[in-house]
Structure formats: structure tokens, C-alpha cells
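Q: Just a sequence and a predicted model for now, questions to come.
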Amino acid sequence: MRYEAPAREAVDRRVFVRQPLRAWNAYADLLHGADWPSIDELNARLPAGATTRFAAQTRELLADGLHYEQRIAERGLIATRERNWHDLFNALIWLRHPEVKRALNARQVVEIASMGTKRRSRAQCALTHFDEAGVIVTVRDPDLLTLWDAHDWYGLFWRCREAWLDGSIQVAVVGHALLEHALTPGQLLVGKALVQSVSDDSGLACAEAIGDGRLLCDPQELRPLPLSGIPGWHAGNDDEAFHRAAPCYQPLRKGRTYPSPWTWGHPVGESG
């Protein structure tokens, strides 16, 4: 069933004090106000010298006949529907993680040149899944990966609950659809994760690896991560029973495996 975001005036303001939306309070003026931000207000938040800007998605804009991704690459214009949560959150990701968005766009344009606009490669599927629902996860304790590999959600989120609080595992949301879904209280959010070992800047590291084709060549690279299990991300997960029966905790499919974490060019375990 297609998700429908609540009307702006109907949003339960409590969603903005819980993750993942709490992490975006630097943009509270764009999210919380009674009025929708204008395209000009969004562009005013871009850094000086930005090579892309937001443009209202009008009939006149679309008359250029370009694919959405091609328009960004060729004209520097990000088609943005006004008064629309999905596109507003997309704009916020462009503001906070421009290096990731540029890398995704560059890869999409290469794939479009090869596949055309009617077909999609597996790389395009991976890039789109990550763009919509992506999270970058930094893991400092390999034992946590063992639990994750086995879909031992009870172990990962309850027995190792403290790891989510002490920095042993950290999550950065870069998927704008995830943020949109978080507008509805109680949503059981599941991200599509890329996992890295320790890095000083997850956005830059991820962008570099995406841009040169080391990441997101196939959807199977992405791990499901039930974000609703993370402490503070869902009202019910303070109760142990949640972690024994949450519908978002799916078992591992037979034969499903995940790639090793990556770090600035070398998967964990490889020399470099």
C-alpha cells in the first residue's frame, strides 16, 4: 500500500522529538512552521558556490524533456514539488549530505546513458533503494555484525541495547522516504543499510565509494535494518516483549548473506 504522509497541519509534533526526525532539528524552521517553505527558502540554505539548486517542478521545467537525474547533472536543477513532504525531505538530504546525493546522481546518469530511460540496471535499483531508504551504519564491535548477519534481532537490539547508546554502532539516515514515513507515529521503519568500519566522516567515505563504483552495484549489498528497534526510535521498544515479536523483525532468508563492511576503499579483513 502506498504511503500517504499526513497533511502539514495534521502532523503530530511529538514525532519531531523522537529519532530519526529529532536529528533534523537544525531545519526546524523548514519542518515545524505552519507554512511550507518556499523554493527560495530552500535555496537560501545552500552553501555559497553550490552547483545545484532547487527548482519548482512545473510543466515549464519538465518541458526540457530531461530525466530527473539528467536535469540535475546537466542543468544543476533539482525538480522539487512544492508543499510536498517527500520532496522537502529530499531537499534536506541535499542540504546535509550533498556529497552523497551528488555521487548517487552521477552514478544514475552513467546507468541511464547505458540502459536508456525505460529499463533499469541492478545498480540503478540499488542506488534508488539507498536514495529512498538508505542508512549508513558504522560498527565498532564485530560481534554486533555476527548478530546482524543472523537476523538475531533480539540479541542485536535487546541484549546488546547498550551498544546503541555508547557509540559501538551508529546510524546516519540518508534516505528521504524514511524521514517522510517517520511523520506517522508508530511506523515500524526499516532502513536499507551500508555498513562501514570506523570512519571520521560517514558521508564523505560513503560518497567516495559510491562514486567510484565500489558500492551500490547490486541491491543485495544492502542489509535490512529495523530502525524501530534502536533505543529511542520507537515508543514500544523499551519493553523486552517488543523485541521478541516486532513485525519488522524478519527472519534471515535461506542462503542470504551480506558483504563485509567497507572502509575508505577496502572491505574489513582485507589489507590495504
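A: Alright, I've got the coordinates.

Q: where exactly do the helices run in the stretch 1-150 of the chain?
A: Ranges of helices in the stretch 1-150 of the chain, per DSSP state H, counting those that start in this stretch, are 28-31, 39-44, 59-62, 68-75, 85-96, 98-115, 122-133, 142-149.

Q: Next, format the ones you listed as TSV and append mean neighbour count.
A: In short, each C-beta sits where N, CA and C put it, glycine included. Shown next, in TSV, are the helices of the stretch 1-150 of the chain (neighbours: other CB atoms under 10 Å):
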stretch	mean neighbour count
helix 28-31	16
helix 39-44	15
helix 59-62	10
helix 68-75	18
helix 85-96	22
helix 98-115	19
helix 122-133	20
helix 142-149	16
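
Q: Any buried residues in stretch 183-191, and which?
A: 183, 187, 188, 189, 190, 191 (16 or more other CB atoms under 10 Å).

Q: So for residue 242, which of the helices of the stretch 1-150 of the chain sits nearest?
A: helix 142-149 (16.7 Å; CB to CB).

Q: any residues touching the closest one, and which ones?
A: If you take CB atoms under 8 Å, 6 or more residues apart in numbering as the criterion, helix 142-149 is touched by 139, 155-156, 160, 163, 168-169, 195, 223, 225, 252, 257-258, 261, 268.

Q: next helix or strand past that helix?
A: helix 153-154 (DSSP states H and E).

Q: picking up where we left off before, out of the contacts of helix 142-149, which is most surrounded?
A: Compared across the contacts of helix 142-149, residue 156 has the highest neighbour count, 27 neighbours, by other CB atoms under 10 Å.

Q: per-domain residue ranges of the protein.
A: 14-126, 132-267 (automatic domain parsing).

Q: Compare the mean pLDDT across these and name the weakest.
A: Across these, domain 132-267 has the smallest mean pLDDT, namely a mean of 92.

Q: next one: that domain to chain centre, how far?
A: Mean-position distance between domain 132-267 and its chain equals 11 Å (CA atoms, centre = their mean, to the nearest Å).

Q: Also stretch 96-106?
A: With CA atoms, centre = their mean, you get 12 Å for stretch 96-106.

Q: contacting residues around it?
A: 24, 50, 52, 69, 72-73, 93-94, 127, 130-131, 174, 203-204, 206-208, 210-211, 216.

Q: For residue 159, see how far away the residue positioned nearest the centre of the chain is.
A: By CA atoms, centre = their mean, the chain has its centre lying nearest to residue 175, at 2.1 Å. Residue 175 sits 27 Å away from residue 159 when distances are taken as CB to CB, to the nearest Å.

Q: Just the CA atoms of stretch 105-125, as PDB, please.
A: The C-alpha trace of stretch 105-125 is given here as PDB (Å, rounded to 0.1, in the frame of the first residue of the first chain):
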ATOM      1  CA  ASN A 105      23.200  11.300  -9.200                       C
ATOM      2  CA  ALA A 106      26.500  10.800 -11.100                       C
ATOM      3  CA  ARG A 107      26.100   7.000 -11.000                       C
ATOM      4  CA  GLN A 108      22.500   7.200 -12.000                       C
ATOM      5  CA  VAL A 109      23.400   9.300 -15.100                       C
ATOM      6  CA  VAL A 110      26.000   6.800 -16.100                       C
ATOM      7  CA  GLU A 111      23.500   4.000 -15.900                       C
ATOM      8  CA  ILE A 112      20.900   5.900 -17.800                       C
ATOM      9  CA  ALA A 113      23.400   6.500 -20.600                       C
ATOM     10  CA  SER A 114      23.900   2.800 -20.800                       C
ATOM     11  CA  MET A 115      20.300   1.500 -20.200                       C
ATOM     12  CA  GLY A 116      18.200   4.300 -21.500                       C
ATOM     13  CA  THR A 117      15.200   5.700 -19.600                       C
ATOM     14  CA  LYS A 118      12.900   2.700 -20.000                       C
ATOM     15  CA  ARG A 119      15.000   0.000 -18.400                       C
ATOM     16  CA  ARG A 120      16.800  -0.200 -15.100                       C
ATOM     17  CA  SER A 121      20.000  -2.000 -14.200                       C
ATOM     18  CA  ARG A 122      20.600  -3.700 -10.900                       C
ATOM     19  CA  ALA A 123      22.900  -0.900 -10.000                       C
ATOM     20  CA  GLN A 124      20.100   1.600 -10.600                       C
ATOM     21  CA  CYS A 125      17.800  -0.400  -8.300                       C
END
